[in-house]
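> Kindly return the folded structure for what I paste below:
(2 chains)
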Protein chains: 2
Amino acid sequence: MVRVPLDPTIADRLRRDDHGLVCAVVQDDADDRVLMVAWMDDEALHRTLTTGRVTYWSRSRQEYWRKGDTSGHIQLVRGVEIDCDGDALLLRVEQVGPACHTGTRSCFDAGGVLPAVRGARERTT
Amino acid sequence: MVRVPLDPTIADRLRRDDHGLVCAVVQDDADDRVLMVAWMDDEALHRTLTTGRVTYWSRSRQEYWRKGDTSGHIQLVRGVEIDCDGDALLLRVEQVGPACHTGTRSCFDAGGVLPAVRGARERTT
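Prediction:
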């Protein structure tokens, strides 16, 4: 098989960390809930952009991870954006089933809310 | 000044990278647009949770960075969530002015859309 690499005009825009990865934020295209954060190298991004299915690099397993291949909880690509300095991606997806391995819809539902002071604008008078 | 550290029950939940940082995804509380991605260490998270203003750790400048102190484009905390494995935070904010240093509302508006194949469910028949 001839391996086609990531489009060089896109690769040139990535600012990778020490491990060659960029951060991928995943947002549900239906209602904008942030579902999870994961990581991609050039090849994972290439597969994601060209196949319609989201593929990550698993830092814990050190292997490519096409979301849903084991769980069935696949992510279908609806759109991909890159940020101003190329170190983060925003994936808009159709999520089939829960995104989190714990069974909650979002990984942030599993972790939950931290106690935080609500910000207020400073008084100007 | 007595320095109070991050609540240990929260600190225990963080899974930090090699540089002691976790990823912070920032979402506009008004309409759910993802505005930016930045980084926090324990102290930045502590300041964010206790002051109502979002503070990051700047990897490029190696210093704390209270968003808006220079630009005026502050972020007021509306809510903070942590993910299932403690390596990502979701900040819901009231954003004053543009979030991106380029002047666009979101850093993902500045970077823009990447060409991507739209995913489709596989035929089952």
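
> how far is the helix ranked longest in chain A from where the chain is centred?
For chain A, the longest helix by residue count, based on DSSP state H, is helix A:42-51. Distance of helix A:42-51 from its chain centroid, counting by C-alpha atoms, centre = their mean, to the nearest Å, is 12 Å.

> what does stretch A:113-125 give?
Taking mean C-alpha positions (C-alpha atoms, centre = their mean), stretch A:113-125 and its chain are 29 Å apart.

> Going by neighbour count, list what's buried in that stretch.
A:114, A:116, A:119 (16 or more other C-beta atoms under 10 Å in any protein chain shown). All C-beta atoms are positioned from the backbone trio N, CA, C, and that covers glycine.

> Pull up the gap between the last one and chain B, please.
If I follow you right, that is A:Gly119. 3 Å (C-beta to the nearest C-beta, to the nearest Å).

> That residue against B:Val77, yeah?
Yes: using C-beta atoms under 8 Å, A:Gly119 makes contact with B:Val77 at a distance of 4.4 Å.

> Quickly find the element holding A:Glu122.
Assigned by DSSP states H and E, A:Glu122 belongs to no helix or strand.

> list the contacts for it?
If a contact means C-beta atoms under 8 Å, 6 or more residues apart in numbering or on different chains, then A:Glu122 has no contacts.

> and the gap between A:Asp18 and chain B?
Counting by C-beta to the nearest C-beta, the gap from A:Asp18 to chain B is 7 Å.

> Just say helix, strand or coil for A:Asp35.
To be clear, residue A:35 is Leu; Asp isn't right here. What DSSP: H, G, I helix; E, B strand; the rest coil gives for A:Leu35 is strand.

> Contacts for the strand or helix carrying A:Gln27 next, please.
A:Gln27 is part of strand A:22-28 when elements are defined by DSSP H and E. With C-beta under 8 Å, 6+ apart as the test, strand A:22-28 has contacts from A:14-16, A:33-41, A:45, A:54, A:56, A:75, A:86-95, A:99, B:23, B:25, B:34, B:37.

> Just the buried residues out of these, in PyMOL syntax.
In PyMOL syntax, the buried subset of the contacts of strand A:22-28 is picked out as below (16+ other C-beta under 10 Å):
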select buried, (chain A and resi 14+33+34+35+36+37+38+39+40+41+45+54+56+75+86+87+88+89+90+91+92+93+94+95+99) or (chain B and resi 23+25+34+37)
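
> Can I get stretch A:30-39 as CSV, trimmed to CA atoms?
The C-alpha coordinates for stretch A:30-39 follow below in CSV (Å, rounded to 0.1, in the frame of the first residue of the first chain):
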residue,chain,number,x,y,z
ALA,A,30,-25.7,18.4,17.4
ASP,A,31,-25.7,20.5,20.6
ASP,A,32,-22.1,21.8,21.1
ARG,A,33,-21.4,19.8,24.3
VAL,A,34,-17.6,19.2,24.7
LEU,A,35,-17.3,15.5,24.8
MET,A,36,-13.6,14.7,25.3
VAL,A,37,-10.0,15.8,24.7
ALA,A,38,-7.5,13.5,23.0
TRP,A,39,-4.3,13.7,21.0
